[in-house]
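# could you look at this predicted model? Sequence included:
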Amino acid sequence: MDDRLIATLRIREVVENWVIFRDSGNWPGFATVWHDDGWMTATWFQGPAAEFIEASRAGLESGVNILHFLGGTSVEVSGSRAVAQTKMTIQQRASVHGVEVDVTCTGRFYDFFEEREERWAIVRRQPIYEKDRMDVLDPAASVRLDRTALERFPVGYRHLAYLQQAAGHVVMHGLPGLRGPEVELLYTEGAQWLAGADQPGVRLAG
């Protein structure tokens, strides 16, 4: 196999390990998918990877039910740099206004990778939120959402944001979606990273 294919396979393994280790609570394993200066952005969190690991651990131990499922991956490699885009689904179950619901959010993980000391790992992960929905678990039940509160957030993750705000989280605004200036900026940052930029883009203001 050529070097590019080997790099792609190693990167794909890291992407898959992220989901398996995080959702199963394998925290030592989860730490291996990041470089020490890794940065994570999610609807409910933005900060260093080490803090995200601890926040994920605390959430799982307190009963937060968030799971991930992966689809295909596309990897661009340039020397010791890479950008990986992976189709994904985030699923969260919780109570909203006293009614148990599932929120399903479909999008992509957009990952800035670097190979250091022969190890590929994530430097920055920025999810792209394409669309979501909320489903009531009990067919005989229904939930009435505050339309104004729901529409404060982009269409790509507004139901997820609604659920997480109901659970007490501060949810970020302005995250990248399927279209728009936010995702176009992310693509530009990815291209700059591959071209040798000092940093993997800029941290979002929230």
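Alright, I've got the coordinates.
# give me every residue that touches residue 195.
residue 78 (CB atoms under 8 Å, 6 or more residues apart in numbering). In this view, the C-beta of every residue, glycine as well, is placed from N, C-alpha and C.
# residue 75 versus that one, what's the distance?
Here residue 195 is placed at a distance of 16 Å from residue 75 (CB to CB, to the nearest Å).
# just residue 146 next, same as before
Noted for residue 146: a distance of 41 Å to residue 75, by CB to CB.
# likewise for residue 156?
Distance of residue 156 to residue 75, given as CB to CB: 23 Å.
# quick revisit: out of residue 146 and residue 75, which sits in the busier spot?
Ranked by neighbour count (other CB atoms under 10 Å), residue 146 and residue 75 place residue 75 first, with 21 against 11.
# what is that one paired to in the beta sheet?
For residue 75, the beta-bridge partners are residue 84 (DSSP bridges).
# surely it meets residue 81?
No: between residue 75 and residue 81 there is no contact under CB atoms under 8 Å: 11.1 Å.
# quick check, central residue of the chain?
Nearest residue to the geometric centre of the chain (CA atoms, centre = their mean): residue 127, 3.9 Å.
# that one belongs to a strand?
Yes: according to DSSP: H, G, I helix; E, B strand; the rest coil, residue 127 belongs to a strand.
# which parts of the host helix or strand of residue 109 are buried?
With secondary structure defined by DSSP states H and E, residue 109 is part of strand 99-116. By neighbour count with 16 or more other CB atoms under 10 Å, strand 99-116 contains the buried residues 101-115.
# for that strand, packing partners?
Secondary-structure packing of strand 99-116 (3 or more CB pairs under 8 Å, 6 or more residues apart in numbering; DSSP states H and E): helix 3-24, strand 81-96, strand 119-136, helix 158-166, helix 181-194.
# just put the ones you listed in TSV and tack on distance to residue 43 and mean pLDDT.
TSV is the format used below for those (distance: least, CB to CB, whole Å; pLDDT from 0 to 100):
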stretch	distance to residue 43	mean pLDDT
helix 3-24	15	97
strand 81-96	9	98
strand 119-136	8	98
helix 158-166	6	97
helix 181-194	13	98
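# residue furthest from the geometric center of the protein?
Taking CA atoms, centre = their mean, the residue of the chain most remote from its mean C-alpha position is residue 140, at 32.4 Å.
# what's the distance between it and residue 99?
11 Å.
# repeat for residue 191
Counting by CB to CB - residue 191 and residue 99 are separated by 44 Å.
# can you state the direction angle for the strand holding residue 109 and helix 181-194?
Orientation check (axes from the mean of the first three to the mean of the last three CA atoms, to 10 degrees): strand 99-116 against helix 181-194 gives 20 degrees.
# adjacent strands (with direction) for strand 99-116?
In the sheet, strand 99-116 lines up with strand 81-96 (antiparallel), strand 119-136 (antiparallel) (DSSP bridges).
# and the shortest one, how far from the chain's centre?
Okay, so that is strand 81-96. Taking CA atoms, centre = their mean, to the nearest Å, one finds the center of strand 81-96 at 5 Å from the center of the full chain.
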